[in-house]
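Chemist: Show me the folded form of this:
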Amino acid sequence: MYADGEAEQQPITSVVLIIAMQAEAAPLIAALNLRQDSPPRIPPPAPCVAYSGKHCGLDVHVVWSGLDTQHNVDLIGTVPASLATYLACQTFNPDLIISTGTAGGFKARGAAIGDVFVSTGKMHHDRRIPLPGFDKQGLGYVESTPTPQLQAALQLKAGIVTSGNSLDYTEQDMQIMTKHGAVVKEMEAAAIAW
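Modeler: A predicted model of the protein is given here:
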């Protein structure tokens, strides 16, 4: 299996999927027949939990960001996603990282409930730093690896995904999302891409 794009094509043998919520991860873990790493390959005190196995000849690892034990809720947002991604990269050395989960889409830009999107780029919509250079760093735009074959084969929609640390958004957030043509708003992808 090879990644699409103009970069030198190298075989993909190891894939990590980063997921913020356990309820989002559970169906995927079950469908791929993955098992929780025991003993944990990403050791405590890291809160993230890894599930591993083989699928179609690939080493597959689903990494859930973990549980906030103080409030008994999933660890969502950019900080847990960044930590989980960093630790997964250090532990599994993946060829491909996929950010997956639920998100909001903009109907005005062609999104509908149940659509699956592949990102063409990821960025933050809530990091406003009005200083030269820092303004672009705050947005943190990262172009995605082009995946035209994947999009065509699975009939997926594509577009810009923006991330922020709030479920809702401010008017300034919306202005940034609109200016950059965001089609999907969520809470982790830009941090995972970073």
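
Chemist: Could you use CA atoms for every contact and neighbour count after this?
Modeler: Noted.

Chemist: doesn't Ser65 make contact with Ala81?
Modeler: Yes. Between Ala81 and Ser65 there is a contact under CA atoms under 8 Å: 6.2 Å.

Chemist: any common contacting residues for those two?
Modeler: 18-20 (CA atoms under 8 Å, 6 or more residues apart in numbering).

Chemist: quick one: contacts of stretch 52-60?
Modeler: Contacts for stretch 52-60 (CA under 8 Å, 6+ apart): 12-17, 32-37, 61-62.

Chemist: residues contacting the most centrally placed residue in the chain?
Modeler: Here the mean C-alpha position of the chain is nearest to the C-alpha of Ser99 (CA atoms, centre = their mean), at a distance of 2.1 Å. By CA under 8 Å, 6+ apart, Ser99 lies in contact with 17-19, 188-189, 192.

Chemist: beta partners of it?
Modeler: Ile18 (DSSP bridges).

Chemist: which one's the longest helix in this protein?
Modeler: helix 78-92 (DSSP state H).

Chemist: List the buried residues of it.
Modeler: 78-85, 87-88, 92 (16 or more other CA atoms under 10 Å).

Chemist: One more: stretch 28-42?
Modeler: Quick answer for stretch 28-42 (16+ other CA under 10 Å): 29, 32, 34, 36, 41-42.

Chemist: and Ile160, that one's in a strand?
Modeler: Yes. Ile160 forms part of a strand when assessed by DSSP: H, G, I helix; E, B strand; the rest coil.

Chemist: Hmm, Ala182 and it touching each other?
Modeler: Yes. Between Ile160 and Ala182 a contact is recorded at 4.7 Å, counting by CA under 8 Å.

Chemist: coming back round to it: could you dump the buried residues of helix 78-92 into a markdown table with distance to Leu131 and pLDDT added?
Modeler: Shown next, in a markdown table, are these (distance: CA to CA, whole Å; pLDDT from 0 to 100):
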| residue | distance to Leu131 | pLDDT |
| --- | --- | --- |
| Thr78 | 22 | 97 |
| Val79 | 23 | 97 |
| Pro80 | 27 | 98 |
| Ala81 | 26 | 98 |
| Ser82 | 24 | 97 |
| Leu83 | 27 | 98 |
| Ala84 | 30 | 98 |
| Thr85 | 28 | 98 |
| Leu87 | 31 | 98 |
| Ala88 | 33 | 98 |
| Phe92 | 37 | 98 |
